[in-house]
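[1] based on what follows, work out the 3D shape:
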Amino acid sequence: MVELKTDTSIDAMHAAGQVVGRALTAVRKAAHVGVSLLELDEVAREVLREAGASSPFLGYRPSFATTPFPAVICASVNDAIVHGIPTAYRLRDGDLLSVDCGAELDGWVGDSAVSFVVGRPRPADLRLIETAERALAAGIEAAVAGNRVGDIAHAVGRVCRTAGYGIPHGFGGHGVGRRMHEDPDVPNEGRPGRGLPLRPGMVLAIEPMLIAGGEDTYYEASDGWTLRTSDGSRAAHTEHTVAITDSGPRILTARMPV
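    Modelled structure (predicted):
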């Protein structure tokens, strides 16, 4: 069942989303060559602590997971698409890092992700990330009352496919509210004019995931969480929590410039 949020609830979700935005900005600023993924997780934890927020990621255990998630960020490096567990791995020059973070504040959740390159970037990685951001922007532009979920999916997928990138099958966005994952599912590819109608008060996490090699296949790593590209090519992931309002889409997880 899809819960429609009031304006007051959306304002509260915006407060949670701003914590997420600050956490992602802080992590990106700290992500230098030689810094470990565990150290980046601690950076995000400190932002949550200072805000009086908790993490919807920490201890999360959906039906597919064999163990609870042990961190407050997902840190996915190079061929990792999503759900990377922070480890002692130290970032290297040219690594492509995708960071996903959530915050729960006063009972409401914000969820967002960003991809960037540490050190000297490869042109191909910059194109991949730029396309992910364009796909996210296209999805947000389609997130207006009167459209349907399929319009968001189509907008995201068209940008990804036109650029020649793969889209991991079965993974996409979702509703957000008092829980991190709520109805409806928001696929990253679909047919326009299909699916659930978009109404003011719906809040969605729109999150393109792109595979550079053009294939849609992936596998689960031995940690039981990390999804990696089957062809070993690099991946990018970006996400915002977006409210459907009478005046258009409202991004609740805006990030500060780095």
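[2] burial check on Ala51, number of neighbours?
    Residues lying near Ala51 (other CB atoms under 10 Å) number 17. Just so you know, the C-beta spots here come from the backbone N, C-alpha and C atoms, and that holds for glycine as well.
[3] what sits against it?
    For Ala51, the contacting residues are 19, 22, 103, 105, by CB atoms under 8 Å, 6 or more residues apart in numbering.
[4] quick check: nearest residue in space to Gly232, chain neighbours excluded?
    Computed as CB to CB, 6 or more residues apart in numbering, the closest residue to Gly232 that is not its neighbour in sequence is Asp79, at 5.3 Å.
[5] the contacts of Ala51 in helices, which ones?
    Members of the contacts of Ala51 lying in helices (criterion: DSSP state H): 19, 22.
[6] which of the contacts of Ala51 sit farthest apart?
    The distance between the two most remote of those (CB to CB) is 11.5 Å, for Arg22 and Leu105.
[7] identify, from the contacts of Ala51, the entry nearest to Arg194.
    Relative to Arg194, the closest of the contacts of Ala51 is Ala103; by CB to CB it sits at 32.3 Å.
[8] in contact with that closest one, which residues?
    Taking CB under 8 Å, 6+ apart, one finds 16-17, 19-20, 23, 48, 51, 53-56, 109-110 in contact with Ala103.
[9] Leu48 versus that one, what's the distance?
    According to CB to CB, to the nearest Å, Ala103 stands 6 Å off from Leu48.
[10] which residues are in contact with each of those two?
    Common contacts of Ala103 and Leu48 (CB under 8 Å, 6+ apart): 19, 23, 54-55.
[11] select from those the one having the most neighbours.
    Ala23 (30 neighbours).
[12] residues touching that one, list them.
    The contact partners of Ala23, by CB under 8 Å, 6+ apart, come to 43-44, 47-48, 72-73, 101, 103.
[13] now list the buried members of those residues.
    43-44, 47-48, 72-73, 101, 103 (16 or more other CB atoms under 10 Å).
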